[in-house]
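>>> Sequence first, then the predicted structure, then my questions.
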Amino acid sequence: NADGTVTDSDGFVRFPGEPTRPDQEHYYVIEDICGQFTKPFMEQLSGKTFKSVEPATSSTTYACTYYTATEAADGRDAFILLVLDYLNAERQKAGQQVLGRTVSTNASIPMDNFVATQENGTINSIFFVLGPDKFLSLDRSSTSVLSDADLLALAVKLGTKIGDFK
(Lines give C-alpha, C1' and ligand atoms only; values in the text may rest on other atoms or scores of the structure.)
Protein backbone atom coordinates (compact mmCIF):
# COMPACT_ATOMS: atom_id res chain seq x y z
CA ASN A 1 0.00 0.00 0.00
CA ALA A 2 1.08 3.61 -0.55
CA ASP A 3 1.34 4.23 3.21
CA GLY A 4 3.77 1.34 3.66
CA THR A 5 1.25 -1.00 5.26
CA VAL A 6 1.02 -4.59 4.10
CA THR A 7 -2.20 -6.59 4.43
CA ASP A 8 -1.49 -10.31 4.71
CA SER A 9 -3.73 -12.85 2.99
CA ASP A 10 -5.27 -13.65 6.40
CA GLY A 11 -6.41 -10.03 6.89
CA PHE A 12 -3.69 -9.00 9.38
CA VAL A 13 -2.25 -5.53 8.71
CA ARG A 14 1.50 -4.95 9.10
CA PHE A 15 2.58 -1.39 9.82
CA PRO A 16 6.25 -0.64 9.13
CA GLY A 17 8.55 0.71 11.84
CA GLU A 18 7.87 4.30 12.80
CA PRO A 19 10.12 6.72 10.87
CA THR A 20 11.50 8.15 14.15
CA ARG A 21 13.04 4.79 15.00
CA PRO A 22 16.29 3.57 13.48
CA ASP A 23 14.94 0.02 13.25
CA GLN A 24 13.01 -0.33 9.99
CA GLU A 25 13.19 -4.13 9.90
CA HIS A 26 10.59 -4.83 12.56
CA TYR A 27 6.87 -4.40 12.40
CA TYR A 28 5.06 -2.91 15.35
CA VAL A 29 1.82 -3.50 17.19
CA ILE A 30 0.21 -0.07 17.00
CA GLU A 31 -2.60 1.71 18.88
CA ASP A 32 -5.20 0.98 16.16
CA ILE A 33 -5.89 -2.55 17.41
CA CYS A 34 -9.07 -3.02 15.31
CA GLY A 35 -7.24 -1.71 12.22
CA GLN A 36 -4.32 -4.10 12.68
CA PHE A 37 -6.10 -7.16 14.11
CA THR A 38 -8.96 -6.98 11.61
CA LYS A 39 -12.33 -8.72 11.88
CA PRO A 40 -11.50 -11.30 9.14
CA PHE A 41 -8.10 -11.99 10.74
CA MET A 42 -9.54 -12.56 14.22
CA GLU A 43 -12.44 -14.61 12.82
CA GLN A 44 -10.01 -16.88 10.99
CA LEU A 45 -7.78 -17.29 14.07
CA SER A 46 -10.59 -17.83 16.59
CA GLY A 47 -13.02 -19.78 14.42
CA LYS A 48 -15.74 -17.39 15.61
CA THR A 49 -18.00 -15.06 13.65
CA PHE A 50 -18.17 -11.52 15.02
CA LYS A 51 -21.33 -9.51 14.60
CA SER A 52 -19.42 -6.31 15.36
CA VAL A 53 -15.92 -5.08 16.11
CA GLU A 54 -15.49 -1.88 18.09
CA PRO A 55 -12.44 0.10 19.17
CA ALA A 56 -12.24 1.24 22.80
CA THR A 57 -14.06 4.50 23.42
CA SER A 58 -11.55 5.80 25.99
CA SER A 59 -8.77 7.97 24.55
CA THR A 60 -6.27 6.40 26.96
CA THR A 61 -7.12 2.78 26.11
CA TYR A 62 -5.92 1.04 22.97
CA ALA A 63 -8.26 -1.90 22.60
CA CYS A 64 -10.61 -3.70 20.28
CA THR A 65 -13.72 -5.61 21.30
CA TYR A 66 -14.87 -8.46 19.06
CA TYR A 67 -18.55 -9.15 19.78
CA THR A 68 -19.72 -12.68 19.00
CA ALA A 69 -23.18 -13.85 18.06
CA THR A 70 -23.26 -15.68 21.41
CA GLU A 71 -24.95 -14.11 24.40
CA ALA A 72 -23.41 -14.42 27.83
CA ALA A 73 -25.40 -15.94 30.68
CA ASP A 74 -26.45 -12.43 31.80
CA GLY A 75 -27.97 -11.71 28.38
CA ARG A 76 -25.22 -9.29 27.38
CA ASP A 77 -23.20 -9.66 24.22
CA ALA A 78 -20.23 -11.97 24.65
CA PHE A 79 -16.86 -10.77 23.38
CA ILE A 80 -13.14 -11.28 22.95
CA LEU A 81 -10.95 -8.33 23.91
CA LEU A 82 -7.45 -7.34 22.76
CA VAL A 83 -5.75 -4.51 24.70
CA LEU A 84 -2.42 -2.79 24.10
CA ASP A 85 -0.81 -1.35 27.24
CA TYR A 86 2.34 0.69 27.75
CA LEU A 87 2.89 -0.55 31.30
CA ASN A 88 5.69 -2.46 32.94
CA ALA A 89 5.16 -6.17 32.24
CA GLU A 90 6.89 -7.31 35.44
CA ARG A 91 4.68 -5.02 37.55
CA GLN A 92 1.65 -6.35 35.69
CA LYS A 93 2.64 -9.91 36.66
CA ALA A 94 3.02 -8.86 40.30
CA GLY A 95 -0.37 -7.12 40.18
CA GLN A 96 -2.02 -10.29 38.88
CA GLN A 97 -0.46 -12.23 41.77
CA VAL A 98 -1.72 -9.65 44.29
CA LEU A 99 -5.21 -10.34 42.90
CA GLY A 100 -4.72 -14.02 43.82
CA ARG A 101 -3.99 -15.25 40.33
CA THR A 102 -1.30 -17.72 39.37
CA VAL A 103 1.07 -16.35 36.73
CA SER A 104 2.97 -18.71 34.45
CA THR A 105 4.62 -18.77 31.03
CA ASN A 106 3.02 -20.98 28.41
CA ALA A 107 5.72 -22.69 26.31
CA SER A 108 3.35 -23.34 23.40
CA ILE A 109 2.97 -19.59 22.74
CA PRO A 110 6.02 -18.78 20.56
CA MET A 111 6.94 -15.43 22.14
CA ASP A 112 7.51 -13.88 25.57
CA ASN A 113 4.21 -14.30 27.43
CA PHE A 114 2.49 -14.94 30.71
CA VAL A 115 -0.89 -16.39 31.55
CA ALA A 116 -2.88 -15.25 34.59
CA THR A 117 -5.08 -18.02 36.00
CA GLN A 118 -7.80 -17.53 38.60
CA GLU A 119 -7.99 -19.56 41.80
CA ASN A 120 -10.63 -21.84 40.24
CA GLY A 121 -8.22 -22.75 37.41
CA THR A 122 -9.88 -20.60 34.72
CA ILE A 123 -7.60 -18.44 32.61
CA ASN A 124 -8.18 -14.76 33.34
CA SER A 125 -5.93 -13.16 30.71
CA ILE A 126 -3.05 -13.99 28.40
CA PHE A 127 -0.30 -11.41 28.01
CA PHE A 128 2.02 -11.09 24.98
CA VAL A 129 5.13 -9.19 26.09
CA LEU A 130 6.35 -6.93 23.25
CA GLY A 131 8.95 -5.11 25.37
CA PRO A 132 9.63 -4.25 29.02
CA ASP A 133 6.92 -1.56 28.93
CA LYS A 134 4.60 -2.75 26.15
CA PHE A 135 2.29 -5.73 26.04
CA LEU A 136 -0.89 -6.96 24.43
CA SER A 137 -3.46 -8.80 26.51
CA LEU A 138 -6.11 -11.23 25.30
CA ASP A 139 -9.29 -11.55 27.31
CA ARG A 140 -12.90 -12.69 26.95
CA SER A 141 -16.21 -11.86 28.58
CA SER A 142 -16.68 -15.46 29.74
CA THR A 143 -15.77 -19.06 29.03
CA SER A 144 -19.00 -19.29 26.98
CA VAL A 145 -17.21 -17.29 24.27
CA LEU A 146 -14.00 -19.32 24.28
CA SER A 147 -13.10 -22.23 26.53
CA ASP A 148 -9.66 -22.15 28.14
CA ALA A 149 -8.43 -24.58 25.46
CA ASP A 150 -9.81 -22.36 22.66
CA LEU A 151 -8.38 -19.22 24.30
CA LEU A 152 -4.95 -20.87 24.47
CA ALA A 153 -5.24 -22.06 20.85
CA LEU A 154 -6.02 -18.48 19.80
CA ALA A 155 -3.07 -17.23 21.87
CA VAL A 156 -0.71 -19.68 20.14
CA LYS A 157 -1.90 -18.47 16.71
CA LEU A 158 -1.62 -14.81 17.75
CA GLY A 159 1.83 -15.38 19.25
CA THR A 160 2.95 -17.09 16.05
CA LYS A 161 1.76 -14.10 14.00
CA ILE A 162 3.23 -11.35 16.20
CA GLY A 163 6.19 -13.18 17.75
CA ASP A 164 8.78 -10.90 16.15
CA PHE A 165 6.81 -7.67 16.51
CA LYS A 166 7.70 -4.89 18.94
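Here it is on my side, so go on.

>>> counting contacts, what elements does the lengthiest helix in the chain pack onto?
The longest helix of the chain (DSSP state H) is helix 148-162. Applying 3 or more CB pairs under 8 Å, 6 or more residues apart in numbering; DSSP states H and E, one finds that helix 148-162 contacts helix 39-46, strand 113-117, strand 123-131, strand 134-140. For every residue, glycine as well, the C-beta is placed using N, CA and C.

>>> Kindly calculate the angle that the shortest one makes with strand 123-131.
Here strand 113-117 points in a direction 160 degrees away from that of strand 123-131 (axes from the mean of the first three to the mean of the last three CA atoms, to 10 degrees).

>>> TSV for the helices and strands packed on helix 148-162, including mean pLDDT and distance to Leu154?
Conversion of the helices and strands packed on helix 148-162 to TSV gives the following (pLDDT from 0 to 100; distance: least, CB to CB, whole Å):
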stretch	mean pLDDT	distance to Leu154
helix 39-46	94	5
strand 113-117	96	12
strand 123-131	94	8
strand 134-140	94	7
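
>>> Quick one, which of those gets closest to Asp77.
strand 134-140 (11.9 Å; CB to CB).

>>> in stretch 142-151, what's buried?
Buried residues in stretch 142-151, counted by 16 or more other CB atoms under 10 Å: Val145, Leu146, Asp150, Leu151.

>>> and if you look at stretch 51-69?
Of the residues in stretch 51-69, those buried (16+ other CB under 10 Å) are Val53, Ala56, Tyr62, Ala63, Cys64, Thr65, Tyr66, Tyr67, Thr68.

>>> pLDDT-wise, what's the bottom of those?
The member of the buried residues of stretch 51-69 with the lowest pLDDT is Ala56, at 83.

>>> how about the nearest residue to it, chain neighbours excluded?
Of all residues not flanking Ala56 in the chain, Ala63 sits nearest, at 3.8 Å (CB to CB, 6 or more residues apart in numbering).

>>> wait, Lys161 sits on Phe12?
Yes: in terms of CB atoms under 8 Å, Lys161 counts as a neighbour of Phe12; the distance is 6.1 Å.

>>> element containing Met111, please.
In the assignment (DSSP states H and E), Met111 maps to no helix and no strand.

>>> ok, back up a step: now find how far off-centre the longest helix of the chain is within its chain.
9 Å (CA atoms, centre = their mean, to the nearest Å).

>>> so who does Ser122 touch?
Not quite, residue 122 is Thr, not Ser. Thr143, Asp148 (CB atoms under 8 Å, 6 or more residues apart in numbering).

>>> If anything else comes up later, I'll come back, but that's it for now.
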